[in-house]
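> Below: sequence and its predicted model.
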Amino acid sequence: MNLDRTDRSIIKALKSDGRLPFSTIAAQLGVSPGMIRQRVLRMNEQGVLQFAAVTNPLKIGYHSMALIGVKADGHRMREIARQIAAFEEVIYLAITAGTYNFLVEVICSDNAHLLHFLSERLYSVEGVREAETFIYLDIVKEIYAWDPPHADGETAAGPDGAGAREASDVTV
């Protein structure tokens, strides 16, 4: 889906405050609230835009976060990824190229919980061969706000896209 200037402006407004009324966005853009509502609904239905409450795991009882590089049997990667993604501790999983087949981000209540996750859950998945765990000591930067590419392929960061991250979903 190509996003026009109005779509990008709506996304930008919602990134600053996901609870912003459509009437406020409409007034900022000089259009009707109904137009904003229709565009947000369309972007949401097409999977371009989603709404989510973002929490800080470290402030709600999770004191151990880690990124785990997982090596797995290549002929069953998608199946293995689905099994790992189903664990409640897993908050992010990407199938990757390179040293690891997956990068898995987990949150655990403490290091004992992380050890249990690794030994009893992750390694119980048939096809998981090896894992390397990187425990987070501190989170210096975590953002969910980045600009979608412009309609002509240019990103907000510049014509070469440097500094902007492209993806198929925008989380507000």
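Looks like it came in fine.

> Wait, residue 46 touches residue 1, no?
Yes. At 5.5 Å, residue 46 and residue 1 qualify as touching, with contact defined as Cβ atoms under 8 Å. Glycine gets a C-beta too; all of them are placed from N, C-alpha and C.

> residue ranges for the helices of this protein, please.
Taking DSSP state H, the helices of the chain run over residues 5-16, 22-29, 33-45, 77-85, 111-116.

> Could you dump those into TSV with mean pLDDT and distance to residue 122 added?
Listed next are these as TSV, based on pLDDT from 0 to 100; distance: least, Cβ to Cβ, whole Å:
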stretch	mean pLDDT	distance to residue 122
helix 5-16	91	34
helix 22-29	96	43
helix 33-45	95	33
helix 77-85	97	7
helix 111-116	97	10
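
> Kindly present the ones you listed as CSV, with separate columns for mean neighbour count and distance to residue 51.
Shown next, in CSV, are the helices of the chain (neighbours: other Cβ atoms under 10 Å; distance: least, Cβ to Cβ, whole Å):
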stretch, mean neighbour count, distance to residue 51
helix 5-16, 17, 8
helix 22-29, 16, 13
helix 33-45, 15, 7
helix 77-85, 16, 21
helix 111-116, 14, 29
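
> can you put these in a markdown table and add distance to residue 52?
Below are these laid out as a markdown table (distance: least, Cβ to Cβ, whole Å):
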| stretch | distance to residue 52 |
| --- | --- |
| helix 5-16 | 12 |
| helix 22-29 | 18 |
| helix 33-45 | 12 |
| helix 77-85 | 16 |
| helix 111-116 | 24 |
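
> So for residue 128, which of those sits nearest?
Across the helices of the chain, residue 128 has its closest neighbour in helix 77-85 (6.6 Å, Cβ to Cβ).

> In terms of residue numbering, what are the domains of this protein?
Per automatic domain parsing, the structural domains of the chain span 5-53+144-171, 57-135.

> Tell me which of the helices of the chain lies nearest to residue 131.
Per Cβ to Cβ, nearest to residue 131 of the helices of the chain: helix 77-85, 10.0 Å.
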